[in-house]
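[1] Here's a sequence, model it:
(one chain, ligands or ions: 2)
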Amino acid sequence: MRAGAAGIRAAIIDLDGTMLDTVPDFEAALNGMRAELGLAPITQDTIKPLVGKGSEKLVRDALLLDWDAARVDAAFEDALAAYQRHYLAINGQRSTLYEGVLDGLAAMRDQGLRLVCVTNKPIAFALPLLDQKGLTPYFERVFGGDSFAKKKPAPMPMLGACAALDLSPSQVVVIGDSSNDAEAARAAGCFVLTVPYGYNHGRPIQEINSDGIVSSLLEAAALITAHNQTSK
Ligand SMILES: O=C(O)COP(=O)(O)O
Ligand SMILES: [Mg+2]
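    Residues are numbered from 1 along each chain as shown. Ligands and ions are numbered 1, 2, ... in the order given. Below is the predicted model of the structure:
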């Protein structure tokens, strides 16, 4: 990261694929929905590259595997409602924290960074999930995919989070697993770090334009400390 005079004061952290491996929850909810529609189950390998652009797109893509667009459109409202019902029933039960998440969040907090979670997950799914995994106390604010008029990769959620913090985007680093996070961060003027273990629509993380790839949130915390020391 280039040294900037102001230093980094806050981190905006993504949820799915960055803090939690939620694909097993998506599998249960999507297959619950598909069973109601008479469709066969799909695997985690099929689901993984579909995650990242919010519930509506995920449900649509999970139906387009079998049906044409007109049939998906006709069934969409009921399918989305079924998916939401299944997801809320199992939310978090099969999801696991990635290594270094709790230590990384603690290290960021201990160096005085303010933390915000910005996810494309609906806020009604994100809040109980963060709670269940012990993550809520780290975050000053949480914004979901339905908290703003546009989702990532639009810059709006990042700009909204920076405004809520009363910080300039140049004082904020976004940490995420996908092009959605990186494009939103770049367009907003934030720094961006990526983790290589998430989903990124099945594409290599190296394809993303970022300020660095970190193996864990703990490594991200160390990099931010180093950045802020050189910008003093
Ligand atoms: O639910 C999604 O589509 C992805 O959510 P994320 O923004 O936390 O990766
Ligand atoms: Mg993600």
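
[2] residue boundaries of the strands in this structure?
    Taking DSSP state E as the test, the strands found in the chain are 10-13, 20-21, 96-97, 114-118, 141-143, 172-176, 191-194.

[3] For the residue of the chain at minimum distance from ligand 2, grab the count of nearby residues.
    Distances between the chain and ligand 2 by Cβ to the ion are smallest at residue 17, namely 3.7 Å. The way it works is simple: take the backbone N, C-alpha and C, and place the C-beta from them, glycine included. Neighbours of residue 17 under the rule other Cβ atoms under 10 Å: 24.

[4] Surely it is in contact with residue 178?
    Yes: using Cβ atoms under 8 Å, residue 17 is in contact with residue 178, at 6.4 Å.

[5] any shared contact partners between these two?
    Common contacts of residue 17 and residue 178 (Cβ atoms under 8 Å, 6 or more residues apart in numbering): 52, 198-200.

[6] just those now: which is nearest residue 26?
    residue 199 (9.9 Å; Cβ to Cβ).

[7] Near ligand 2, which residues of the chain are found?
    14, 16-17, 177-178 (Cβ under 5 Å from the ion).

[8] Is it possible to get CSV of the residues you listed that adds distance to residue 130 and pLDDT?
    CSV is the format used below for the residues of the chain next to ligand 2 (distance: Cβ to Cβ, whole Å; pLDDT from 0 to 100):
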residue, distance to residue 130, pLDDT
14, 12, 98
16, 12, 98
17, 15, 98
177, 16, 98
178, 19, 97
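
[9] Tell me which two in the residues you listed are the farthest apart.
    Farthest-apart pair in these is 16 and 178; separation 8.8 Å (Cβ to Cβ).

[10] Residue 61 - nearest residue in space that isn't next to it in sequence?
    residue 50 (4.6 Å; Cβ to Cβ, 6 or more residues apart in numbering).

[11] again, but for residue 119
    residue 15 (3.7 Å).

[12] Next, the contact list for the one you found, please.
    22, 117, 119, 121, 126, 129-130.

[13] could you redo the last one with a cut-off of 10 Å?
    22, 95, 117-121, 125-126, 129-130, 133, 135, 142, 144-145, 176-177 (Cβ atoms under 10 Å, 6 or more residues apart in numbering).

[14] Looking at those, which are in helices?
    Counting by DSSP state H, the contacts of residue 15 place 125-126, 129-130 in helices.

[15] Among the residues you listed, which one lies nearest to residue 72?
    For the ones in helices among the contacts of residue 15, the closest approach to residue 72 (Cβ to Cβ) belongs to residue 125, at 21.7 Å.

[16] For ligand 1, see how far away the closest one is.
    Taking Cβ to the nearest ligand atom, to the nearest Å as the measure, residue 125 falls 8 Å from ligand 1.

[17] pretty sure that residue is in contact with residue 92, am I right?
    Yes: with contact defined as Cβ atoms under 10 Å, residue 125 reaches residue 92; the gap is 9.0 Å.

[18] if I look at those two, which residues touch both of them?
    What both residue 125 and residue 92 touch, as defined by Cβ under 10 Å, 6+ apart, is the set 22, 25.

[19] Comparing those two, which residue is more hemmed in?
    residue 125 (24 against 16).

[20] Around residue 46, how many other residues sit close by?
    Residue 46 has 14 neighbouring residues, counting by other Cβ under 10 Å.
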